Every structure is written in C-alpha cells, then in structure tokens.
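S.K.: Starting from these lines, generate the structure:
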Amino acid sequence: MDKIDAFYELEKLYEDMKLNYDFSIKINSHFKINIDFYNELNNKMSFEMALSKDDSLELIHVMAVPKNKMNAIIEGLKRLVNCIESKLTTVIDEELINLS
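M.R.: This next block holds a predicted model:
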C-alpha cells in the first residue's frame with residue numbers, strides 16, 4: 001500500500017480527521033502533528049507521528065501507531081498542547097504581574 005492510499009483509508013475511518021496537503025494536522029499557529037506512514041513486515045500499516053513547535057522543534061515522536069489508535073493519539077497530543085499553552089500563559093501572566 002502506498003502513502004496516498006493509506007491516508008485515504010485513514011480519512012475514511014475517521015471522518016472528522018482533517019489532514020493538510022502534507023499529511024499533517026495543524027493544532028494552532030505554533031504546533032503541528034506530522035504524520036508518516038510505513039508498511040510493517042507483516043503487511044500491516046503503521047503510522048508515526050511527531051508533535052513539533054514552529055516547524056522546527058520536535059517535542060514528541062510516537063512510532064508504530066496502528067490506524068485504529070490514531071484518533072486517540074491525536075486527541076492526546078492536542079490535550080498536551082493545551083496544557084503546554086496554559087502553562088506558558090500562566091508563566092507569562094506571573095512575569096507581567098511581577099513587573100508591575
């Protein structure tokens with residue numbers, strides 16, 4: 001199976017999954033999940049995902065994700081980004097309060 005067919009199958013399985021042209025999912029203006037596909041030796045398809053910030057800093061890399069677990073991993077990465085942003089906002093707010 002080639003990459004295009006694998007992602008087509010993935011989009012059929014998860015109707016709410018909206019992939020960009022480069023097979024990524026943009027979470028907000030700073031975070032993105034890059035998704036890649038590969039065939040395993042037993043002819044099963046697996047995916048790997050990398051959560052990155054600003055298209056350069058890779059934060060988490062998840063390998064050998066079966067297609068029936070993709071949505072759960074993506075939702076977990078989205079929650080992680082929300083936690084990171086919440087923590088950053090809290091730290092920035094504390095710094096602004098200390099400056100005044």
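S.K.: Do a quick rundown of the strands in this protein.
M.R.: Remark: strands assigned in the chain by DSSP state E are 24-26, 31-39, 45-53, 57-66.
S.K.: Adjacent strands (with direction) for the shortest one?
M.R.: So that's strand 24-26. Neighbouring strands of strand 24-26 in its sheet, by DSSP bridges, are strand 31-39 (antiparallel).
S.K.: Now render the strands of the chain as TSV, adding mean neighbour count and mean pLDDT.
M.R.: For glycine as for every other residue, the C-beta is placed from the backbone atoms N, C-alpha and C. Below are the strands of the chain laid out as TSV (neighbours: other CB atoms under 10 Å; pLDDT from 0 to 100):
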stretch	mean neighbour count	mean pLDDT
strand 24-26	16	88
strand 31-39	18	88
strand 45-53	18	89
strand 57-66	13	90
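S.K.: So which elements touch the lengthiest helix in the chain?
M.R.: When the chain is parsed with DSSP state H, its longest helix is helix 70-99. If you count contacts as 3 or more CB pairs under 8 Å, 6 or more residues apart in numbering; DSSP states H and E, helix 70-99 packs onto strand 31-39, strand 45-53, strand 57-66.
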